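**Q** Take a look and give me a structure for this.
(chains A and B)
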2 protein chains.
Amino acid sequence: MNEPIEEFRKAGHRVVDWIARYYEDPRRYLVRAPMRPGELVDALPAEAPEQGESYERLLDDFERLIVPAVTHWNHPRFFAYFPSSCSPPAVLGEMLAAALNTNGIHWLSSPAVTELEQVTLAWLRQWLGLPAEFFGEIFDTASVSSLHAIAAAREMADPEARERGAQPGLTLYCSEHAHSSIDKAALVLGIGRRYIRKIPVDAEFRMREDRLERTIEQDRAAGLRPFCIVATAGTTSTSSVDPLEPCARLAERYGLWLHVDAAYAGAAAILPDKRPLFEGWQRADSIVVNAHKWLFTPLDLSAFYTRRPDVMRRAFSLVPEYLRTAEDSRAVNLMDYGVPLGRRFRALKFWFVLRRLGREGITKLLRSHIAWAAELAAWIEADSRFERVAPVPFSTVCFRLRGDNEANRRLLARVNQSGRFFLSHTELDGRFVLRVAIGNYHTSREDVRELWELIQRTADEL
Amino acid sequence: MNEPIEEFRKAGHRVVDWIARYYEDPRRYLVRAPMRPGELVDALPAEAPEQGESYERLLDDFERLIVPAVTHWNHPRFFAYFPSSCSPPAVLGEMLAAALNTNGIHWLSSPAVTELEQVTLAWLRQWLGLPAEFFGEIFDTASVSSLHAIAAAREMADPEARERGAQPGLTLYCSEHAHSSIDKAALVLGIGRRYIRKIPVDAEFRMREDRLERTIEQDRAAGLRPFCIVATAGTTSTSSVDPLEPCARLAERYGLWLHVDAAYAGAAAILPDKRPLFEGWQRADSIVVNAHKWLFTPLDLSAFYTRRPDVMRRAFSLVPEYLRTAEDSRAVNLMDYGVPLGRRFRALKFWFVLRRLGREGITKLLRSHIAWAAELAAWIEADSRFERVAPVPFSTVCFRLRGDNEANRRLLARVNQSGRFFLSHTELDGRFVLRVAIGNYHTSREDVRELWELIQRTADEL
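**A** The predicted structure is shown next:
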């Protein structure tokens, strides 16, 4: 049955060469292919094949059908959402993780998965300037990391929920600019939408400390039970940073769990000059930083840190007999700290990235992206047709044409229509705003420069 | 900054050759290396490197330090837990998915991710004999799939929970042999452990229909609100199958959500002669089948099917402005159907596996594993020192030495100590039981035969 290994070897070498060529000259591709919903479904057979097919056919079809249907997040001119790119060493890590397919349910089921996850997350933790008391583990996405944080917060506030079930009245605090995943997590946990307090922001889109405190006080007075503050370091719309130190102080004063969502911007804490923006996060109960955003590591790798692994264990540990091992008392079993049981060897790709690039390489990339964002912001400010609409603490620039939303919508549509660049948008105080998020491993200053030229030309034509 | 692509190419070819050699002769490795907790942590530097390192050093360290710390789930003699192995074509899929690193948040952010996920899950659905009304999506693990199923069940039973928060009193039904992930999901959702009803099983470890019905009736009479039945097709301890048709009938009669956990055994529904075991699951509201268990696809790929995508959307859809797209009304946006927002291109590896092996290839593998399990069961029955303690509907065999638990514990420890094989255990009615789960892509009949010989020899020595 099993194929001759020579066939795999030959196909594998072809794939390596394809990837090398892809990375060598990615600008040959459109960032986003012009296609309509359903086009790929229509192009593929309605049923899987009866007989197995050759690698040649498979790889030909990959190049012919799949690649043109891909939005190239790895393209140097992908500036939408937040960056998420893959550096070459991570590809090797993923190849080997797939080949081994080892599964870190608990320590015994794969010591390497558990221990390399601890080692790589400790390495990152040091770079971020977080103390050793932070315990690290990997989830797939920041949405799932934040779900776990809020579940742990509930465990701390209402340990009886585990037995008796959740009861309405626990209230959660985040800014009106917090990510939608916070709402979603609260819904899933049964917190109820009406107990999610969206605190207003200041002129720079940061959660207002005074309003946060007042709302907590009001809720307490009303007999509700404040249990969790979610502060964001790098909001999705503008990359603003909530006042972390005041949030920590309020969390401590009122006995709330503080979760810091630093999914995108957390990486910048590696840079000493950006560190002050994060002051206070070392007092958080949990923090999420996505390596698959601005750390050149492909999906999925959401690094979750907590100072309260004991609470995580109380919230999530459930060990049936078939998962007991002789090492239970001496080893960390990561299944005890969350919902997923199967655990992919995600740390391997991250180990490859951290070692291949080193702090020096990663620092250089982050600094470049921040510098290019500052240049873009300056070009925008120098062109009187445009306005920059938010500060640029990291590498994300928000701007718009002075004028109505319709003109800005048209501008975005035309820039994206070219297929050569891809930007996304947000809404700020009712205004349609364009976003350029710089942070791709493959991006150069020239890509940013050409984007700005295209934006200017398109504005001329409007 | 960015490395010359030639270095990646050279390293990539080395990795392909390493994988080819690994698959060619996996029996050179111990299934599970003798190491103590903390040994890998101690062997690795306490800090990440300042300067980037060469691929040579990285790959040398991978072979020297990581591989010996791995439990080889891909080893032909790994018979523990449930099978989870990687076939060669999936490695190519993972390489390409990492290289592209495209992210299917919504359709626009990568049409290929959304559409290939729909296509491959429709292909599998047809093979499983499920009707077209089942909507498919991929989660990382069965634990997370089941969490989503139970959240949808709550949405159906108590739509106000979304706004008002969950309230105690919703009751969930599963057998005492249901997987621990069901308990964990219920805890996370705030259902409360006391509302999880563990229904007793019959002599073949299947949920007792009469007891299920009686418990639902009692709970209704007590003013509780039954909302969900979780039936298992292939329990973790013995691979027993709950009576799905009666469960569907009860779910319909009482208006409950029926979730079928077929994480391991669902793959067997591809075989026409095994299909009757699954009769009734086409009436379930949701089903989970892990391709990363018995379908030769590496972690993560948990295939989740639901007949009620409308309820999933109500439970999980929350679309902020920055994620709105022009295609929202015409395309499926998978972020609307669950917690995770970022979506890895997991379908690609599955497409490679389904096409490379075809129904014929997969059928042949499944049939071999089932046949070898039947042989092993016959050998056990023929040796009067042993007893088979559960039926063998699929490829998992539960047995023990006639005698005390201690003797069986020693037997398992000695067999595993050799490092040449790896089995796990469970407990049935207070008895310590050995499990042999066959289902690895690389396993041969000879591996099973040699395992049995080792077990017999070890029993001789005890």
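
**Q** Could I get the full set of strands for chain A?
**A** A:135-139, A:170-175, A:196-199, A:225-232, A:257-261, A:286-290, A:302-306, A:386-388, A:396-401, A:424-428, A:431-437 (DSSP state E).

**Q** burial measure for the spatially closest residue to residue A:107 that is not a sequence neighbour, as a count.
**A** The shortest distance from residue A:107 to any non-neighbouring residue, by CB to CB, 6 or more residues apart in numbering or on different chains, is to residue A:331 (3.5 Å). Every residue, glycine included, has its C-beta placed from N, CA and C. The criterion is other CB atoms under 10 Å in any protein chain shown. On that basis, residue A:331 has 18 neighbouring residues.

**Q** Please give me every residue in contact with residue A:331.
**A** A:106, A:107, A:108, A:111, A:114, A:325, B:37, B:38 (CB atoms under 8 Å, 6 or more residues apart in numbering or on different chains).

**Q** Just the closest of these to residue B:68, please.
**A** Proximity of those to residue B:68 (CB to CB) peaks at residue A:111, which lies at 9.4 Å.

**Q** Would you confirm that that closest one contacts residue B:39?
**A** Yes: the pair formed by residue A:111 and residue B:39 meets the contact definition of CB atoms under 8 Å, at 7.3 Å.

**Q** anything in contact with each of those two?
**A** Listed as contacting both residue A:111 and residue B:39 by CB under 8 Å, 6+ apart are residue B:69.

**Q** who has more neighbours, these two?
**A** residue A:111 (27 against 15).

**Q** Check which residues of the longest helix along chain A are buried.
**A** Longest helix of chain A, by residue count under DSSP state H: helix A:347-382. For helix A:347-382, burial by neighbour count (16 or more other CB atoms under 10 Å in any protein chain shown) applies to A:347-359, A:361-363, A:365-370, A:372-373, A:375-377, A:379-380.

**Q** Any part of that helix near chain B?
**A** Yes: using CB under 8 Å from any CB of the partner chain, we find that helix A:347-382 touches chain B at A:348-349, A:352, A:354-361, A:364-365, A:368.

**Q** Can you list the helices and strands that that helix packs against?
**A** Counting contacts by 3 or more CB pairs under 8 Å, 6 or more residues apart in numbering or on different chains; DSSP states H and E, helix A:347-382 is packed against helix A:88-100, helix A:111-128, helix A:291-294, strand A:386-388, strand A:396-401, helix A:445-461, helix B:55-61.

**Q** taking the ones you listed together, which one is wrapped up most tightly?
**A** Neighbour counts (mean count of other CB atoms under 10 Å in any protein chain shown) averaged over each of those peak at helix A:291-294, with a mean of 30.

**Q** Need the residues that contact that helix.
**A** A:82-84, A:124, A:263-265, A:267-268, A:297-303, A:350, A:353, A:366, A:369, A:395, A:439, B:101, B:342.

**Q** Around chain B, pick out the residues from the stretch 201-350 of chain A.
**A** So far as CB under 8 Å from any CB goes, the stretch 201-350 of chain A lies against chain B at A:236-237, A:290, A:292, A:298-300, A:315-316, A:318-323, A:327, A:330-332, A:339-345, A:348-349.

**Q** Among those residues, which ones are in helices?
**A** Those of these lying in helices (DSSP H): A:292, A:315, A:316, A:348, A:349.
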